[in-house]
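Participant: Generate coordinates for the sequence data below:
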Amino acid sequence: MSHHPTAGDWGLIAAVTTIVYIAAARWCMPTPKTKRRMSFAPLAGCVYLVPAAAIKDYSVSLTLYLYSSVLLTFVIMMVPARKRIAADILEQEQNPGIKVQVNTATLWWLGLSLTGCIAAMVYFRPFIE
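Facilitator: As a prediction, the model looks like this:
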């Protein structure tokens with residue numbers, strides 16, 4: 001017999017995921033400005049996700065699953081490419097008049113990890129409710 005996480009379980013998962021995301025995002029970002037911006041992303045996710053989920057009549061569990069999955073996707077995408085992303089952000093902030101070219105390996109990582117995370121989200125979706 002399988003146990004599906006309850007809405008309360010997902011609330012706890014979402015809270016822990018938020019803490020992990022904020023810690024990772026602040027660690028990965030090179031400047032106070034980018035650290036602040038990344039720290040507000042969970043709030044932006046809530047402002048967007050909750051009304052969107054209500055419109056689509058998603059359950060609380062599914063809404064918290066999506067929220068947690070998106071934050072973890074950002075962590076998975078950022079942390080391995082942290083040094084390169086930070087260098088590109090710092091260079092762009094120091095030279096706002098030029099367009100910094102993103103490293104090809106970083107672009108591949110971001111694309112592949114995003115694709116893998118989306119595939120995992122879709123795969124695990126049926127187990128949520």
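
Participant: which residues touch Val75?
Facilitator: Applying CB atoms under 8 Å, 6 or more residues apart in numbering to Val75 gives the contacts Val20, Tyr21, Ala24, Ala25. (Glycine included, C-beta is placed from N, CA and C.)

Participant: what about the helices in this structure?
Facilitator: In the chain, the helices defined using DSSP state H lie at 7-28, 32-39, 41-55, 60-78, 82-94, 104-124.

Participant: Let's have those in JSON lines, adding mean pLDDT.
Facilitator: Shown next, in JSON lines, are the helices of the chain (pLDDT from 0 to 100):
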{"stretch": "helix 7-28", "mean pLDDT": "93"}
{"stretch": "helix 32-39", "mean pLDDT": "91"}
{"stretch": "helix 41-55", "mean pLDDT": "84"}
{"stretch": "helix 60-78", "mean pLDDT": "92"}
{"stretch": "helix 82-94", "mean pLDDT": "91"}
{"stretch": "helix 104-124", "mean pLDDT": "95"}
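
Participant: quick one on the thing from earlier: between the contacts of Val75, which is nearest Ala105?
Facilitator: Lowest distance from Ala105 to these (CB to CB) belongs to Ala24, with 19.9 Å.

Participant: I am assuming the closest one contacts Val79, so please confirm or correct that.
Facilitator: Yes - in terms of CB atoms under 8 Å, Ala24 counts as a neighbour of Val79; the distance is 5.6 Å.

Participant: That's all I had, so thanks and see you.
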